[in-house]
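Trainee: sequence first, then the predicted structure:
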Amino acid sequence: MHLDNALGKNYHFIRIDSCLGIWAMADRKKIKQRIIDALRMKGFKLTTQRMEIIDILANEVDHPSAQFLLNKVRQRMPRVSASTIYYTLGLLKREGLIKELEFYNMENRYDSWMIDHIDLICEQCGTIENYERDLSGIPAKIENETGFKAHKLRYEYYGTCRKCGQKKV
């Protein structure tokens, strides 16, 4: 079955480092606006640096690390400090506006896509892609079957991305 038929017309396909990523591109602007609105509502200042970080997080589909964000922000704002990046990431995480993906073997990464999805993590190159499926019924099913009530969900598949898989051939 062709991916367009399997996933419907709400998805667009883009290349991420030659790996296929599945994204609802129209939602990228909504992500940025959701973060800005939430910060304004809670009275946080929207500094130029903070806005640049939010813009990158909302538009970067490859789950950036703090170092990536620092390098990217410094392209436009050479004097921005690492502490500004880390403070802003901490704030956004505390406010529930982004997720921090913690890893034991690579830098932590940040995800602004708050809709439940599966993270596809390449163990060779570190690429992380979002794979969207309706996962909403899984926590309730687990609770009904086992009594376990999940309060934090993280769906991850580890393996080899398309690009790294093609290198072996």
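Mentor: Arrived safely.
Trainee: doesn't residue 55 make contact with residue 69?
Mentor: No. Residue 69 is beyond contact range of residue 55, at 10.6 Å (criterion: Cβ atoms under 8 Å). Backbone N, C-alpha and C define where each C-beta goes, glycine included.
Trainee: may I see the buried residues of stretch 141-149?
Mentor: Buried residues in stretch 141-149, defined by neighbour count with 16 or more other Cβ atoms under 10 Å: none.
Trainee: actually stretch 89-97, sorry about that
Mentor: Counting neighbours by 16+ other Cβ under 10 Å, stretch 89-97 gives 89, 91, 92, 97 as buried.
Trainee: compare residue 69 and residue 55 and say which is more crowded by neighbours.
Mentor: Set side by side, residue 69 and residue 55 show more neighbours around residue 69, with 23 against 16, by other Cβ atoms under 10 Å.
Trainee: okay, now the closest residue in space to the more buried one that isn't next to it in sequence: neighbour count?
Mentor: Distances taken as Cβ to Cβ, 6 or more residues apart in numbering place residue 85 nearest to residue 69, at 5.3 Å, with adjacent residues excluded. Neighbourhood size, residue 85 [other Cβ under 10 Å]: 24.
Trainee: can you confirm residue 85 is in a strand?
Mentor: No. The assignment for residue 85 (DSSP: H, G, I helix; E, B strand; the rest coil) gives helix, which keeps it out of a strand.
Trainee: would you mind measuring from residue 39 to residue 31?
Mentor: 13 Å (Cβ to Cβ, to the nearest Å).
Trainee: how about residue 152?
Mentor: 20 Å.
Trainee: likewise residue 131?
Mentor: Per Cβ to Cβ, residue 131 is found 17 Å from residue 31.
Trainee: and for residue 111?
Mentor: 10 Å.
Trainee: how about residue 128?
Mentor: Distance from residue 128 to residue 31, by Cβ to Cβ: 16 Å.
Trainee: more crowded one of the two?
Mentor: residue 128 (23 against 19).
Trainee: so what's that one closest to, chain neighbours aside?
Mentor: Per Cβ to Cβ, 6+ apart, closest to residue 128 is residue 63, 4.1 Å.
Trainee: where exactly do the helices run in the chain?
Mentor: All helices of the chain, identified by DSSP state H, fall at 3-7, 27-41, 48-59, 66-76, 82-94, 138-146, 162-167.
Trainee: deepest-packed of these, please.
Mentor: When you average the neighbours per residue for each of the helices of the chain (mean count of other Cβ atoms under 10 Å), helix 48-59 leads with a mean of 19.
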